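*Asks:* Below are the sequence and a predicted model for it; my questions follow.
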Amino acid sequence: MGRPLVAILTGAGISTDSGIPDFRGPRGVWTLHPEHEKLSTIGYYMTDPEVRRRSWQMRRETYAADPQPNAAHRAIAELDAAGPVALRVITQNTDGLHQRAGLPARKVLELHGTSRSVVCTACGARSSIADAFARIGAGEPDPPCLACGGILKTATVMFGENLDPAVLSEAASIARACTVFFAVGTSLQVYPAAGLVDLAADGGARLVIVNAEPTPYDAVADEVVREPIGAALPRLLRELRPDPGG
Ligand code: ZN
């Protein structure tokens with residue numbers, strides 16, 4: 001018998017304790033300031049230099065705040081390091097905090113890409129976000145690609161862009177094959193998150209939902225936990241570890 005495969009789907013709710021705002025929640029950035037959504041919409045971004053300048057500025061402020069992994073991110077990385085299960089994280093977040101908590105990058109599937117890298121929309125060249133912010137700080141508010149002069153953007157999936165089919169397909173395989181599927185800090189109201197829960201449930205996985213608000217899948221879940229994620233997830237994941245006493 002191999003180790004059981006545990007899939008953990010994470011959304012914005014896992015990173016709010018790290019100071020990263022939720023966008024769609026009741027107090028989310030886009031709920032309170034709908035015009036901010038433009039800054040992450042590819043059509044506006046590609047055609048309006050002012051949108052790009054403001055988008056970079058917004059991301060630079062988040063980056064400068066230097067958000068750190070919290071207890072929930074750490075608990076996932078620690079479970080993986082302890083080794084009782086084969087673990088994969090499927091995340092809707094672009095903050096890179098699972099990896100910064102120590103989880104190997106190959107075990108993290110980023111459905112919406114990463115805000116830690118920059119990609120050229122013309123030639124596809126990738127570069128580091130630190131370099132982009134350094135150029136912005138030095139007086140280039142909308143820095144062009146150094147290789148071809150094209151428009152740069154963070155390597156995130158903006159509104160109006162498609163998810164990477166390879167990432168999506170791997171996420172679906174994991175959902176189908178896992179023994180336990182955790183959905184943490186995600187409302188499960190949008191594709192592809194909701195579809196992954198369906199696949200996991202169809203495959204017979206135990207479904208555990210950890211979220212402050214009700215989700216459409218609560219009725220089919222084996223366990224629904226409404227406590228704060230930073231306290232609840234470490235406790236739930238400890239239950240997957242062998243008893244240190246025996
Ligand atoms: Zn380029």
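*Replies:* Yes, it's here.
*Asks:* Show me which residues of the chain are close to the ion?
*Replies:* 120, 122-123, 125, 145, 147-148, 150 (CB under 5 Å from the ion). In short, each C-beta sits where N, CA and C put it, glycine included.
*Asks:* Could you give me the ChimeraX syntax to select whichever of these are buried?
*Replies:* This is how ChimeraX selects the buried members of the residues of the chain next to the ion, with burial counted by 16 or more other CB atoms under 10 Å:
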select :120,145,150
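*Asks:* what sits against the residue nearest to C120 when sequence neighbours are not counted?
*Replies:* Residue nearest to C120 in three dimensions, not counting chain neighbours: C145, with 3.9 Å by CB to CB, 6 or more residues apart in numbering. C145 is in contact with 120, 122-123, 125, 151-152, counting by CB atoms under 8 Å, 6 or more residues apart in numbering.
*Asks:* Same check on V224?
*Replies:* So V224 contacts 208-209, 211, 218 (CB under 8 Å, 6+ apart).
*Asks:* Nearest to P228 among those residues?
*Replies:* For P228, the closest of the contacts of V224 turns out to be N211, at 10.7 Å, with distances computed as CB to CB.
*Asks:* give me every residue that touches the closest one.
*Replies:* N211 sits in contact with 13, 183-188, 224-226, where contact means CB under 8 Å, 6+ apart.
*Asks:* Just give me the neighbour total for Y191.
*Replies:* By other CB atoms under 10 Å, the residues close to Y191 number 9.
*Asks:* before we move on, back to that, any idea which of the contacts of V224 is closest to L103?
*Replies:* Of these, the one sitting nearest to L103 (CB to CB) turns out to be V208, at 18.5 Å.
*Asks:* Which of the three states applies to the closest one?
*Replies:* Taking DSSP: H, G, I helix; E, B strand; the rest coil as the rule, one finds V208 in the strand state.
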